[in-house]
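**Q** how does the following fold in three dimensions:
(2 chains)
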Number of protein chains: 2
Amino acid sequence: MKTLAAQVITPEDLLKHWQGHRTLTRNTIEAFPEKDFFEFSIGGMRPFAQLISELLAIAVPGLKGIVNREVEPFSEKATEKLIFKAQYLEKWDEATEEINKYWEKLSIEDFNENFNLFGQYEFPINQNILYFIDNEVHHRGQGYVYLRALGIQPPFFWER
Amino acid sequence: MKTLAAQVITPEDLLKHWQGHRTLTRNTIEAFPEKDFFEFSIGGMRPFAQLISELLAIAVPGLKGIVNREVEPFSEKATEKLIFKAQYLEKWDEATEEINKYWEKLSIEDFNENFNLFGQYEFPINQNILYFIDNEVHHRGQGYVYLRALGIQPPFFWER
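**A** The predicted structure is shown next:
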């Protein structure tokens, strides 16, 4: 009964942690005015829509690759034709369900196996997944500065 | 031999993950011009020095509280008299050592116990620690925007 041994963090809790962050990111998307979501930027950085395209291109494609052990190149093609914030939110919600679905297929042992994410990042799967989360927190933090610069109060960081 | 069971992430790997982020945050502090570290801000947000004061007030005091199960209120007093970036870097390096020292005292079982962090946040210890890391990634992401706005290239996100 190996899976019943004490865990630093269980797969269920790690999923809940990630999805909690994803809820906060969704609320951050919602906080942007339509036009600024696609156009506002500071210091030559990407607008928030492009950062969200990156996050969407990582989450489900990355997790699907891990679960199926199928190496596919990174691509933001899935969002390149989106022109409304509502379309991004729809993709976000679809990804939420897909993540839950693929997550069920991960065993505790899987987290310690290596996977060559997008054919570029050969690391243990637990590191790949922590990277998904960190990268989201990093870019969302940037979105918070955009919102502040626009005079908009971002969502509370601890509300997930 | 419970502690030898497969782990989603081991305590050693979680420490390495956190310290890797802390190395990147240190490099981000280094990238700031002295004056801008203390003064530059966007949209009424705190300058990077104040964000770093918060991170320093969380990391060691939080972890020490967890290890000793001693509830102390949150306080940024330790950095309130610092006026040079080099002093912050010194505090940062001291914290790196202290974190390594306290971390050794955590058992896998500890991560699942509740702790009332700073007398304000009653959560399982694994959630407290993930919060330390997320909060650092969040604020460092904001520092990246400050650097970009200043025309300075931030450190690469994947260099830890």
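
**Q** rest of the way, CA atoms for contacts and neighbours
**A** Will do.

**Q** how many degrees apart are the helix ranked longest in chain A and helix B:125-149 in direction?
**A** The single longest helix within chain A, with elements called by DSSP state H, is helix A:125-149. For the pair helix A:125-149 and helix B:125-149, the angle between their directions (axes from the mean of the first three to the mean of the last three Cα atoms, to 10 degrees) equals 50 degrees.

**Q** so is helix A:125-149 next to chain B?
**A** Yes: Helix A:125-149 reaches chain B (Cα under 8 Å from any Cα of the partner chain) through A:Asn126, A:Asp134, A:Val137, A:His138, A:His139, A:Arg140, A:Gly141, A:Gln142, A:Tyr144, A:Val145, A:Arg148, A:Ala149.

**Q** how about A:Trp52, secondary structure?
**A** In this structure residue A:52 is Ile, not Trp. At A:Ile52 the chain is in helix, as set by DSSP: H, G, I helix; E, B strand; the rest coil.

**Q** how about it, what does it touch?
**A** With contacts defined as Cα atoms under 8 Å, 6 or more residues apart in numbering or on different chains, A:Ile52 is in contact with A:Tyr88.

**Q** tell me how far it lies from A:Gln19.
**A** Between A:Ile52 and A:Gln19 the distance is 15 Å, computed by Cα to Cα, to the nearest Å.

**Q** doesn't A:Glu122 lie inside a helix?
**A** No: secondary structure of A:Glu122, determined by three-state DSSP: strand, with no helix assignment.

**Q** and the nearest residue to it once chain neighbours are set aside, backbone torsions?
**A** What sits nearest to A:Glu122 in space, not counting adjacent residues and going by Cα to Cα, 6 or more residues apart in numbering or on different chains, is A:Asn116, at 3.9 Å. Backbone dihedrals for A:Asn116, given as degrees, to the nearest 10, come out at phi -90, psi 80.

**Q** quick one on the thing from earlier: in JSON lines, list the residues of helix A:125-149 next to chain B along with neighbour count, pLDDT and distance to B:Glu70.
**A** As requested, those are arranged in JSON lines below (neighbours: other Cα atoms under 10 Å in any protein chain shown; pLDDT from 0 to 100; distance: Cα to Cα, whole Å):
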{"residue": "A:Asn126", "neighbour count": "23", "pLDDT": "97", "distance to B:Glu70": "31"}
{"residue": "A:Asp134", "neighbour count": "21", "pLDDT": "97", "distance to B:Glu70": "29"}
{"residue": "A:Val137", "neighbour count": "27", "pLDDT": "98", "distance to B:Glu70": "29"}
{"residue": "A:His138", "neighbour count": "21", "pLDDT": "98", "distance to B:Glu70": "31"}
{"residue": "A:His139", "neighbour count": "22", "pLDDT": "98", "distance to B:Glu70": "34"}
{"residue": "A:Arg140", "neighbour count": "27", "pLDDT": "98", "distance to B:Glu70": "33"}
{"residue": "A:Gly141", "neighbour count": "26", "pLDDT": "98", "distance to B:Glu70": "31"}
{"residue": "A:Gln142", "neighbour count": "28", "pLDDT": "98", "distance to B:Glu70": "34"}
{"residue": "A:Tyr144", "neighbour count": "26", "pLDDT": "98", "distance to B:Glu70": "33"}
{"residue": "A:Val145", "neighbour count": "28", "pLDDT": "98", "distance to B:Glu70": "35"}
{"residue": "A:Arg148", "neighbour count": "16", "pLDDT": "98", "distance to B:Glu70": "36"}
{"residue": "A:Ala149", "neighbour count": "18", "pLDDT": "98", "distance to B:Glu70": "39"}
